[in-house]
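Engineer: Quick one: sequence and predicted model below, then my questions.
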Amino acid sequence: MTFILPPVITDLVLARNRLCDHYRSAALEFTLDGNLIGDIGEAVAAELFGLKLSPRNGTGIDGHAPDGRSVQVKATGTNRGPAFRMVDTRADHLLFLVFDLENLKGEVIYNGPEEPVIKLLPTEWVGQKTVSMAQMRRVDALVAEAQRLGRHSPGKQSLLKA
């Protein structure tokens, strides 16, 4: 599923793109990955899927779906897969969004239970571990439609492409 970024985020990304153009000869990328891209991912996921976001508390749960499922949101602006850390609480559901910052679009790469993705990781580790983009696409292909979060239909214009 692809979507168009909302205007307020588009403004931020366009400013980032102007920086990249201005400093192209220095090969600076001004990557937005990290907390900023993560926050953008949560905001976009909330709009796309009607999530009620939770206050930041480090539990591994970013919000709750309209049906009550706890949700973890991962996002990137690069071709790397999502990074996970050891947390005490895992979410029922995982959303992984990839942003194409050059074209002001995004794609939901994974929309399904978090457990099958976590099973791809070692049982214990220190720091962060990444699941590859290819692994995420393979696991997403195994998710039954009934397990996916449905598209939110807000009263205002949707972010999703028609």
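Structural biologist: Structure received.
Engineer: What is the end-to-end distance of stretch 15-32?
Structural biologist: Criterion C-alpha to C-alpha, to the nearest Å; first-to-last residue distance in stretch 15-32 is 11 Å.
Engineer: Count the neighbours of Asp39 for me.
Structural biologist: Neighbourhood size, Asp39 [other C-beta atoms under 10 Å]: 16. Placement of C-beta: from N, CA and C, glycine included.
Engineer: Give the full set of residues in contact with the residue lying farthest from the centre of the chain.
Structural biologist: Most distant from the centre of the chain: Ser25, at 30.3 Å, with distances by C-alpha atoms, centre = their mean. Not one residue lies near Ser25 by C-beta atoms under 8 Å, 6 or more residues apart in numbering.
Engineer: Number the residues from 32 up from this point.
Structural biologist: Sounds good: first residue 32 from here, last item Ser56.
Engineer: did I read that right, it in a helix?
Structural biologist: Yes. Assessed by DSSP: H, G, I helix; E, B strand; the rest coil, Ser56 belongs to a helix.
Engineer: distance of it from Ala106?
Structural biologist: Distance from Ser56 to Ala106, counting by C-beta to C-beta, to the nearest Å: 29 Å.
Engineer: any idea which element Arg168 lies in?
Structural biologist: helix 164-172 (DSSP states H and E).
Engineer: What ranges does the chain have for its helices?
Structural biologist: 38-53, 66-80, 146-149, 164-172 (DSSP state H).
Engineer: residues making contact with the first one?
Structural biologist: To tie it back to what came earlier, the one meant is helix 38-53. So helix 38-53 is in contact with Leu36, Leu59, Glu60, Phe61, Leu63, Ile71, Ala74, Val75, Phe130, Leu132, Glu133, Leu135, going by C-beta under 8 Å, 6+ apart.
Engineer: Quick check: buried residues in stretch 115-129?
Structural biologist: By neighbour count with 16 or more other C-beta atoms under 10 Å, stretch 115-129 contains the buried residues Phe115, Arg121, Ala122, Asp123, His124, Leu125, Leu126, Phe127, Leu128, Val129.
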